[in-house]
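[1] sequence first, then the predicted structure, then my questions.
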Amino acid sequence: MWKQALLVLVAVAALVAALPVREATGTPFASPAFEQLWLEQQRAQLDVWGQTPLAWRIEPYADAPGGQRLVQYFDRGRMELTASTNSGRTTVTQGRLAWELTHGRIALGSDLFVHRPPPDFPIDGGPSDPRVPTYAALAELVSRPAPDRSGDDDTIDTWFTPNGFDHAAPPAPVRASRYVGLTQHNLPDVTVALFDRSPLGPDAWIAIFGYPISEPFWAYYRRGDTSLPSLVQVFERRILVYTPSLPTDQRFTLVNIGRHYYRWRYGTDPALPWPDPQPGSPVTVQVPQGFRAGLFLDGLRQPVDLSLAPDGNLLALTADGTLLLVTAEDASGRASRLTTFASGFVAPRGVTTAGTWVYVVEERGLVRLRDDDGDGIADRTEAIPLTFQPLPAPAGALVADQRGRVFLAGTSADGAGTATIYVVNENRVVPLGPAPPGLVRLLAWGELLFAIVQEPGEPAQVLRLAPRGQTLLAEPFLELPLGFTPAGGLAYTTPLWADLVPGTLFFWGTRETGGALLRALPNPDGQSASVSLFATALHRPVAMVVGLDGILYVADADTGQLVKIVPGRRSLG
């Protein structure tokens, strides 16, 4: 049965195989595929990436296996590694960063976006200058399609000014030369000449730049400390700048779009190429050798559940009905910036995320929320009608699977009768079948659904749940040690760390000596697992979540703390 469950990790394994994840002393590329593309494009007419790779991350992306993908940022772009679920093959794409920045839409999938206002900082990265366009100013320009001007003799005379866009004499006679009908914009003759000289092939510019999403216009752009009149054009992936007053081989440059995008999305400049996560303040929690435990956040009033927000940040739900969002941490690894994502929930049971929605189940029913403007506060709330009463926490907590289906358990509206497990698709709630007796909490692993159960005086078990007509077939999957009272569990699927194998299961709960985490590792036979003690000296752990970077977070209800556990770094040479 364990072997059958491991099949859901085939796509993740493909991603692991593509990751060298070398130590910082080696080449700072997160994947050999990234390094290969970087080397190939060094032969281009322009330096399209910059000389040194910047931070790599695991980012949420709905169309990638497991809903996440490896990316690496460069000064002038982002490389993305996506594994095909069907073939296991990986491809490298280049991020549409200029499109996202100027449209105010962070892509979490091909058709899945989080909205955030375009940033109001200059595209040349310098201090504010009314003559230099900002990304927010470009947002107006990219929404305007243009007619074909490739046959006109008129020079391009549109200027960006402190009062918007106007017409004035250009610093050089540049004309429209080619019309791109797909996005309805013109390419200037100097840019067409650049693209036609490319040693990478006549259409290489499409992969590097994407299609134009603005008309070319004149503006001031700083090269070093000097502001010079320059022709600027926004493409999907990058922003191209042409400065006619410079020597011929220096006239074209690219905006540091990768660095600017990272600052917009994460609120800080890109870190070192190799993550060196810190665990936070010292704590007494004991973890295995190679791991580091620390205090990430304290002062929580009775935490109930944890989840990741659609953008990968940490959400913490508390018993007083508050949902907090952690958006930054300090140099020690402690949480440094919190916002109240939402509040006013009554006796909340749990929180989870599916797509761009955050789901919260409470005494009054089920609510889904979304942050449409990217300020860290939910500004869209929808109640999903329920015909049943959610079970008390933790049995009534939500869980979402890899397909974005949300599962929860409840009884009839009067609280009587047999508990039933339901699935939520968008705003429809459908019963799946009776919940197994002694339900502690549901657990999703890929597209599989499990139930942690415990009868009085018996060891806790993990059951695989499979729909069969109007019922759920419960098959034994794993038995936990006698004396351990679980409060929940999760599957670990992140491939970045040496000491945690994808497919590991974690369970949190209590023993006679206090709170603890158990780890279940699949045995080589693929049919069984070894369960061992992983962390001790906790008090009453009630929730756990894994960050996109593979770091573990544990909520302790008795201390009001979030404990952070950082794994050891993988080194594959």
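    Received, thanks. Numbering: from 1, shown residues only.

[2] I'd guess residue 458 is in a helix, am I close?
    No - assessed with DSSP: H, G, I helix; E, B strand; the rest coil, residue 458 is coil; it does not lie in a helix.

[3] how far away is it from residue 482?
    Residue 458 sits 8 Å away from residue 482, going by Cβ to Cβ, to the nearest Å. Where you see a C-beta, it was placed from the backbone N, CA and C, and this is true even at glycine.

[4] next one: residue 54
    The value you get for residue 54 to residue 482, if Cβ to Cβ is used, is 50 Å.

[5] contact partners for residue 465?
    421, 432, 436, 449-451, 472-474 (Cβ atoms under 8 Å, 6 or more residues apart in numbering).

[6] so it bridges to which residues?
    Judged by DSSP bridges, the bridge partners of residue 465 are residue 449, residue 474.

[7] residue 455 versus residue 461, what's the distance?
    With distances taken as Cβ to Cβ, residue 461 is found 9 Å from residue 455.

[8] more neighbours: these two, which one.
    Taking neighbours as other Cβ atoms under 10 Å, residue 461 and residue 455 compare with residue 461 leading, 20 against 11.

[9] so the more buried one makes contact with residue 481?
    No - under the criterion of Cβ atoms under 8 Å, residue 461 is not in contact with residue 481, lying 11.3 Å apart.

[10] shared neighbours, these two?
    Residues touching both residue 461 and residue 481 by Cβ under 8 Å, 6+ apart: none at all.

[11] distance to residue 342 added to the contacts of residue 465, as a markdown table?
    Below are the contacts of residue 465 laid out as a markdown table (distance: Cβ to Cβ, whole Å):
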| residue | distance to residue 342 |
| --- | --- |
| 421 | 25 |
| 432 | 28 |
| 436 | 32 |
| 449 | 27 |
| 450 | 28 |
| 451 | 28 |
| 472 | 31 |
| 473 | 37 |
| 474 | 34 |
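
[12] narrow these to those that are buried.
    Buried members of the contacts of residue 465, counted by 16 or more other Cβ atoms under 10 Å: 421, 432, 436, 449-451, 472, 474.

[13] of these, which is the nearest to residue 240?
    Ranked by distance to residue 240 (Cβ to Cβ), the buried ones among the contacts of residue 465 are led by residue 449 at 49.3 Å.

[14] low-confidence regions, the stretch 151-300 of the chain specifically.
    Within the stretch 151-300 of the chain, the segments meeting pLDDT under 70 span 200-202, 272-275.

[15] strands along that one, start to end?
    Applying DSSP state E, counting those that start in this stretch to the stretch 151-300 of the chain gives strands spanning 158-161, 164-167, 176-180, 185-188, 217-223, 226-234, 239-242, 252-254, 292-297.

[16] including distance to residue 34 and mean neighbour count, could those go into a markdown table?
    What follows is those, written out as a markdown table (distance: least, Cβ to Cβ, whole Å; neighbours: other Cβ atoms under 10 Å):
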| stretch | distance to residue 34 | mean neighbour count |
| --- | --- | --- |
| strand 158-161 | 34 | 18 |
| strand 164-167 | 37 | 12 |
| strand 176-180 | 28 | 18 |
| strand 185-188 | 28 | 24 |
| strand 217-223 | 28 | 22 |
| strand 226-234 | 25 | 21 |
| strand 239-242 | 22 | 24 |
| strand 252-254 | 18 | 20 |
| strand 292-297 | 28 | 22 |
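
[17] which among those strands is found nearest to residue 113?
    With respect to residue 113, and counting by Cβ to Cβ, the nearest of these is strand 226-234 at 18.2 Å.

[18] got the angle between the closest one and strand 217-223?
    Between strand 226-234 and strand 217-223, the angle comes out at 130 degrees (axes from the mean of the first three to the mean of the last three Cα atoms, to 10 degrees).

[19] just checking: what are the partner strands of strand 226-234?
    Assessed with DSSP bridges, strand 226-234 is paired to strand 217-223 (antiparallel), strand 239-242 (antiparallel).

[20] so which of the ones you listed is nearest residue 392?
    Comparing the strands paired with strand 226-234 against residue 392 with Cβ to Cβ, the closest turns out to be strand 239-242 (53.6 Å).

[21] ok, and the helix or strand in the chain with the lowest average confidence?
    helix 10-17 (a mean of 42; mean pLDDT, DSSP states H and E).

[22] any idea which helix or strand comes after it?
    Per DSSP states H and E, the first helix or strand lying C-terminal to helix 10-17 is helix 32-40.

[23] CA atoms only for that following helix, dumped as CSV, please.
    Taking Å, rounded to 0.1, in the frame of the first residue of the first chain, the C-alpha atoms of helix 32-40 are listed here in CSV:
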residue,chain,number,x,y,z
PRO,A,32,22.4,22.3,-15.1
ALA,A,33,19.6,23.2,-17.5
PHE,A,34,19.8,26.8,-16.2
GLU,A,35,23.5,26.9,-16.7
GLN,A,36,23.2,25.5,-20.2
LEU,A,37,20.7,28.1,-21.3
TRP,A,38,22.9,30.9,-19.7
LEU,A,39,25.9,29.7,-21.6
GLU,A,40,24.0,29.4,-24.9
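
[24] what helices or strands is that helix leaning on?
    Applying 3 or more Cβ pairs under 8 Å, 6 or more residues apart in numbering; DSSP states H and E, one finds that helix 32-40 contacts strand 77-83, strand 90-94.

[25] rerun at 10 Å
    Using 3 or more Cβ pairs under 10 Å, 6 or more residues apart in numbering; DSSP states H and E, the elements in contact with helix 32-40 are strand 68-74, strand 77-83, strand 90-94.

[26] of the ones you listed, which stretch is the most buried?
    strand 68-74 (a mean of 25; mean count of other Cβ atoms under 10 Å).

[27] that older thread, ok, of the contacts of residue 465, which one's closest to residue 519?
    Using Cβ to Cβ, the contacts of residue 465 come closest to residue 519 at residue 450, 16.1 Å.

[28] residues contacting residue 166?
    Taking Cβ atoms under 10 Å, 6 or more residues apart in numbering, we find residue 166 in contact with 157-160, 217.
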